[in-house]
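[1] Quick one, what's the 3D model for this:
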Amino acid sequence: MKRLSLLLLASAFALNVSAQGEIDTEKKILVRNEWSLAATAKTNGFELDYRSGRFVSIYKKNLWDAGFATIKHMQEFRMSNAYISGYGQYCYGKKNFCMEFFYSRGRQRSLFLKHDLNSVEFRMFYFGGATVAVLKPIYYEVWYSETEIKSEKFDLDNIHHQTSMTILGKSSFSKGFDEITAVPGVFVKGGLSFEFGKHDTKLTALEAGVKLTAFLKKLEILAQKENPQFITNLYISFRFGRVFHNAMFESEEDY
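    Next up, the predicted model:
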């Protein structure tokens with residue numbers, strides 16, 4: 001009986017030491033290089049991007065970001081022909097479909113470190129980069145008579161474009177690719193990020209921030225409207241990715 005008691009006591013002590021070891025491991029600081037993808041909702045469209053990050057210290061990380069986004073006019077509204085069905089919705093007066101391709105570099109700083117796999121890392125970041133807006137003309141199916149329907153760009157000088165009654169809907173998206181124009185620009189953006197992934201090889205984060213963009217000239221999106229040249233966006237992103245290098249330290253002094 002005495003031997004059994006000693007065996008149980010030794011087993012309990014071993015389990016306690018083992019449990020403490022697991023907790024100590026979780027409390028180590030994780031320092032990581034990573035790549036990620038993000039889907040972003042912003043005040044004038046949506047955005048997809050790829051990001052790469054490499055740590056330079058426990059608190060700082062260099063970032064590279066590239067992607068594309070749509071640019072919509074804030075006064076766009078969708079409608080359909082009230083008299084003839086089957087042509088779908090369109091934006092009355094829209095001259096060009098606009099999207100941008102961008103590349104930027106930035107820096108991220110951790111304000112609150114992720115000390116274990118179940119905690120949240122609180123970060124701030126900023127970027128600066130170049131962008132180019134690509135404008136593709138939009139063609140419409142325009143009714144002239146019961147036997148004549150033409151595919152045309154929007155033109156207020158044409159009497160058939162002065163009322164939505166004669167516009168049936170959009171033509172094929174492929175029309176106008178040979179008329180694409182490009183407008184270069186620059187931008188800066190910054191915000192806050194909350195990384196809450198529970199695996200040291202996976203990244204899951206929410207971001208929110210503001211983006212300021214300046215183009216070389218105004219982007220012709222809508223007819224009879226003031227089109228933008230300088231754009232301010234608020235945005236929110238869901239980011240997910242992988243950690244391709246991982247370092248762990250007992251404390252900040254060990255780095």
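[2] Residue 90 versus residue 173, what's the distance?
    The gap separating residue 173 from residue 90 is 12 Å, by CB to CB, to the nearest Å. C-beta here means a position set from N, CA and C on the backbone, and glycine is covered the same way.
[3] Which parts of this structure are strands?
    For the chain, the strands defined by DSSP state E occupy 29-42, 45-55, 60-70, 78-79, 90-91, 96-112, 121-137, 139-145, 148-153, 167-170, 181-195, 202-215, 230-249.
[4] Figure out which of the ones you listed is closest to residue 222.
    Ranking the strands of the chain by proximity to residue 222 (CB to CB) places strand 90-91 first, at 7.8 Å.
[5] so what secondary structure elements neighbour the closest one?
    strand 78-79, strand 167-170 (3 or more CB pairs under 8 Å, 6 or more residues apart in numbering; DSSP states H and E).
[6] what's the longest one packed up against?
    Think strand 167-170. Against strand 167-170 (3+ CB pairs under 8 Å, 6+ apart) you get strand 90-91, strand 139-145.
[7] Name every strand pairing with it and say which way it goes.
    Sheet pairing of strand 167-170 (DSSP bridges) gives strand 139-145 (antiparallel).
[8] now the chain, which segments are flagged as low pLDDT?
    The chain contains residues with pLDDT under 70 at 1-31, 114-118, 159-160, 162, 164-165, 245-255.
[9] So what sits opposite the residue most central in space within it in the bridge?
    What sits nearest the mean C-alpha location of the chain, by CA atoms, centre = their mean, is residue 40, with 3.1 Å. Taking DSSP bridges as the rule, residue 40 bridges to residue 47, residue 237.
[10] Please verify my assumption that it contacts residue 65.
    No: counting by CB atoms under 8 Å, residue 40 stays clear of residue 65, with 11.1 Å between them.
[11] what residues do the two have in common as contacts?
    Counting by CB atoms under 8 Å, 6 or more residues apart in numbering, the common neighbours of residue 40 and residue 65 are residue 49.
[12] quick one on the thing from earlier: what separates the residue nearest to the centre of the chain from residue 154, distance-wise?
    Applying CB to CB, the value for residue 40 to residue 154 is 29 Å.
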